[in-house]
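Asks: I'll drop the sequence and a predicted model, then ask my questions.
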Amino acid sequence: MNDPLHDEGDDGALLRELALDQLGAELVKMEGRVFVRFSGWVEAGGLRVPYHLVPAHGVLAKPSKWRKLERDAKARLLSERITAAAVGALNASVEHFVDDIAARCEDVNLDAAVFLGQLAELETSEPASYVFERIGQRLEHAIERAQEERHAARTKQSINLAEYPDSFEVARRMPRKFIALLGPTNSGKTHRAMEALAKAASGAYLAPLRLLALENFERLQQARPHGEALKVSLVTGEERRLAEGGTHVASTVEMLDTRTRVDVAVIDEIQMLADRDRGSAWTAAVCGAPASVVYLVGAPEARRAIEALAARLEIPLEVHLLKRMGPLSMEPSAVRKLRNVQRGDAVIAFSRREVLMWRDMITEMGLSVATVYGNLAPEVRRAQAERFRDGSADVVVATDALAMGLNMPIARIIMTTTVKYNGVEEEEISASLARQIAGRAGRYGVHEAGLVAGYDDDTHEVMRALLKEKIAPLSATGFSVAPSLEHLHRIAAVTGETSLAKLLKRFMHNIDVPDGFFFPRITDEQAERALWLDTLPLSVAEKFMLSLVPVSTKVPSLQRAWEQWAQALAKKRVSKLHTDQGDLQGRNLQEVEDSCRLYSAYAWLSYRAPEYFPSVEVAQSLARAASERVDSILHAQNAAARKKHDKKFR
């Protein structure tokens with residue numbers, strides 16, 4: 001509380017006796033201190049500004065000590081501290097401060113009086129320099145807020161997501177038609193679309209996975225619609241196989257070529273529009289595929305979303321709903337025992353550790369096992385699937401990586417659980433995923449029907465309920481749009497911002513989203529990477545590229561490699577790979593899998609910054625060697641478990 005001591009009598013009388021009150025001085029007790037405060041005003045910056053401030057040496061004593069001082073001692077101390085020179089020095093500092101604040105406020109169109117009024121309002125025992133600092137900080141925050149508002153307004157003016165489809169110039173200018181082929185697994189929808197693609201004079205297949213791009217690349221190569229082999233290229237983030245005079249291309253959806261017109265495009269797994277992290281790639285493909293006819297292939301729940309997009313883009317749409325070609329049904333009861341696992345079964349678990357555990361248990365029962373999980377390179381997954389197809393493996397044990405692609409002659413799906421870790425916690429799988437996994441049973445032309453079972457009674461009944469559950473349609477609005485480098489450069493141009501984290505934040509929160517039909521989206525991983533990349537002397541383009549490298553930050557060795565690549569690029573140092581880095585002997589399965597992913601990530605960078613990551617052929621060679629080593633280890637582990645079984649029953 002502000003407590004003027006001169007109102008108490010003796011101290012006030014002393015000030016008057018010494019004529020110090022005429023200098024505008026008063027004694028105040030506050031915050032456990034007795035101090036001198038000067039009152040006055042200055043004219044500066046075109047303003048008349050009053051002030052109540054403590055000079056540099058204005059604090060005299062603690063109240064208890066002040067009370068004990070003799071009157072003469074108090075008089076000497078007051079006379080030393082309260083002088084015309086002290087008042088003059090304070091006046092000069094206030095004038096300088098007022099001039100500075102007034103000029104800064106004029107620069108950013110703020111009212112200086114709002115801030116300078118605090119010179120007479122702030123109640124504190126701290127010296128004037130502290131008050132100046134506090135007011136300066138408040139002005140800085142106000143300037144930042146004003147700048148933020150201006151930058152937000154400029155960002156909104158620079159990017160309007162309602163105009164997103166117009167950014168795909170080739171697609172926008174050509175007449176297009178959409179044909180949706182929607183149905184469950186084993187309904188023949190992909191087969192029909194691929195037949196149309198093979199018959200077209202030119203075309204593109206857009207896959208959700210490298211594995212599917214590779215499979216359909218080979219499928220198109222084998223097609224002979226006009227008697228001659230098609231000239232087909234393969235383009236993924238990590239690999240380019242370009243056919244001379246190529247007419248067709250199989251690629252991952254993110255690698256869509258939006259500049260080259262084709263007759264037919266096939267966008268597979270169209271329900272991925274709703275995927276939180278990758279849905280933006282499907283939005284871009286639907287808006288930007290430069291094809292006269294675009295086939296949208298996927299699950300029936302995508303229909304409403306497709307219709308909304310077609311209407312927004314003003315493109316004619318045909319919808320064909322296909323039915324499963326063979327029946328799918330639940331087994332009467334759960335499997336319950338390992339000995340009830342049969343040749344032709346696919347056993348599903350939801351982690352690499354669980355897959356390998358079930359593989360070992362089943363192999364020790366005397367069955368040979370193929371293994372499929374997400375960490376495996378596409379080449380390894382395909383090799384393992386081929387072992388099941390050709391009969392060298394009796395059973396396949398897999399994660400839900402089996403749900404997308406990998407057509408195999410599976411008679412029965414056995415679910416070991418219906419609970420999956422979602423990155424934060426374990427939760428029950430969706431009805432959509434349950435149906436997609438179950439649908440892999442009963443391959444048309446191989447088995448008359450598909451069967452589904454849980455390993456235990458609880459899992460069996462949950463699967464029964466999930467397969468009966470009605471699947472909600474995809475939303476018909478809020479389609480994800482990821483930032484492009486052009487978006488970020490536009491924002492940087494109007495704000496002067498060079499921080500990738502701040503540019504991404506502005507993209508998320510400041511761009512114009514008039515009706516929410518298209519909605520900005522970035523991944524959590526990209527946002528986290530951006531913060532670290534901003535600590536390095538890199539351009540916005542370099543930081544943006546590095547934020548998208550397809551390598552898991554959750555694997556320490558891969559995270560370290562990514563950081564080293566970024567640091568090398570910041571120093572403009574070339575990062576090379578050497579063939580002797582591929583010595584995989586003595587490494588365990590996990591280490592070899594991680595090596596494969598590291599080489600693939602390097603290849604991804606090579607295609608985008610070849611001058612700093614020139615070893616693309618070495619990377620691909622090392623990745624192939626690592627894939628072969630993984631397949632060899634899996635095969636050896638399988639053989640060892642079979643041998644253990646044979647010994648047991650010899």
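Replies: Done, it's in. This structure is a prediction, so every number in the text was calculated from the model and none was measured.
Asks: Which positions in stretch 142-155 come out as buried?
Replies: Residues of stretch 142-155 classed as buried by neighbour count (16 or more other CB atoms under 10 Å): 142, 151, 154-155. No exception for glycine: its C-beta is placed from N, CA and C like everyone else's.
Asks: Quick one: mean pLDDT for it?
Replies: Mean pLDDT, stretch 142-155: 90.
Asks: How about stretch 368-383?
Replies: Stretch 368-383 shows a mean pLDDT of 90.
Asks: quick one: contacts of that stretch?
Replies: Stretch 368-383 has contacts (CB atoms under 8 Å, 6 or more residues apart in numbering) with 209-211, 214-215, 352, 355-356, 359, 362-363, 384-385, 387-388, 392-399, 401-402, 406, 593, 596-597, 600, 623-624, 626-628, 630-631, 634, 638, 642.
Asks: and if you look at stretch 414-424?
Replies: Outside stretch 414-424, the residues that touch it by CB under 8 Å, 6+ apart are 335, 341, 345-351, 354, 358, 400, 426-429, 434, 437, 452-455, 459-460, 462-463, 466.
Asks: mind checking the end-to-end distance for that stretch?
Replies: Its first and final residues considered, stretch 414-424 spans 26 Å by CA to CA, to the nearest Å.
Asks: now swap in stretch 453-462 and tell me
Replies: For stretch 453-462, the first-to-last residue distance is 10 Å (CA to CA).
Asks: again with stretch 73-89
Replies: Start-to-end, stretch 73-89 (CA to CA) is 25 Å.
Asks: Ok, stretch 398-412 next?
Replies: Start-to-end span of stretch 398-412 (CA to CA) is 13 Å.
Asks: just stretch 247-255 next, same as before
Replies: 16 Å.
Asks: any idea which residue sits dead centre in the protein?
Replies: Nearest residue to the geometric centre of the chain (CA atoms, centre = their mean): T523, 1.5 Å.
Asks: Apply the buried test to the contacts of stretch 414-424 and list what passes.
Replies: 335, 341, 345-350, 354, 358, 400, 429, 434, 437, 452-455, 459-460, 462-463, 466.
Asks: Of those residues, which belong to strands?
Replies: Counting by DSSP state E, the buried ones among the contacts of stretch 414-424 place 345-348, 452-454 in strands.
Asks: now the strands for the stretch 151-300 of the chain?
Replies: Along the stretch 151-300 of the chain, counting by DSSP state E, counting those that start in this stretch, strands occupy 177-182, 203-207, 232-235, 240-241, 248-252, 262-267, 291-298.
Asks: Which stretch among those approaches P316 most closely?
Replies: Closest of the strands of the stretch 151-300 of the chain to P316 is strand 177-182, at 5.2 Å (criterion: CB to CB).
Asks: so what strands line up beside the closest one?
Replies: With DSSP bridges as the test, strand 177-182 is paired with strand 291-298 (parallel), strand 317-321 (parallel).
Asks: Next, format those as a markdown table and append mean pLDDT.
Replies: Below are the strands paired with strand 177-182 laid out as a markdown table (pLDDT from 0 to 100):
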| stretch | mean pLDDT |
| --- | --- |
| strand 291-298 | 98 |
| strand 317-321 | 98 |
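Asks: most packed of the ones you listed?
Replies: Mean neighbour count (mean count of other CB atoms under 10 Å) peaks for strand 291-298 among the strands paired with strand 177-182, with a mean of 24.
Asks: any low-confidence regions in this protein?
Replies: Within the chain, the segments meeting pLDDT under 70 span 1-9, 405, 444-447, 581-583, 641-650.
Asks: so where's the longest helix in it?
Replies: The helix that spans the most residues within the chain, counting by DSSP state H, is helix 616-648.
Asks: Just the C-alpha atoms of the longest strand along the chain, please, in PDB.
Replies: In terms of residue count, the longest strand belonging to the chain (DSSP E) is strand 33-44. Extracted C-alpha coordinates of strand 33-44, given in PDB (Å, rounded to 0.1, in the frame of the first residue of the first chain):
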ATOM      1  CA  ARG A  33      11.000   0.200   2.000                       C
ATOM      2  CA  VAL A  34      11.100   4.000   2.700                       C
ATOM      3  CA  PHE A  35      12.000   5.900  -0.400                       C
ATOM      4  CA  VAL A  36      11.900   9.200  -2.100                       C
ATOM      5  CA  ARG A  37       9.500   9.800  -5.000                       C
ATOM      6  CA  PHE A  38       9.600  12.800  -7.400                       C
ATOM      7  CA  SER A  39       6.500  14.200  -9.000                       C
ATOM      8  CA  GLY A  40       6.700  16.400 -12.100                       C
ATOM      9  CA  TRP A  41       6.000  16.600 -15.800                       C
ATOM     10  CA  VAL A  42       8.000  16.900 -19.000                       C
ATOM     11  CA  GLU A  43       7.200  18.000 -22.600                       C
ATOM     12  CA  ALA A  44       8.700  15.700 -25.100                       C
END
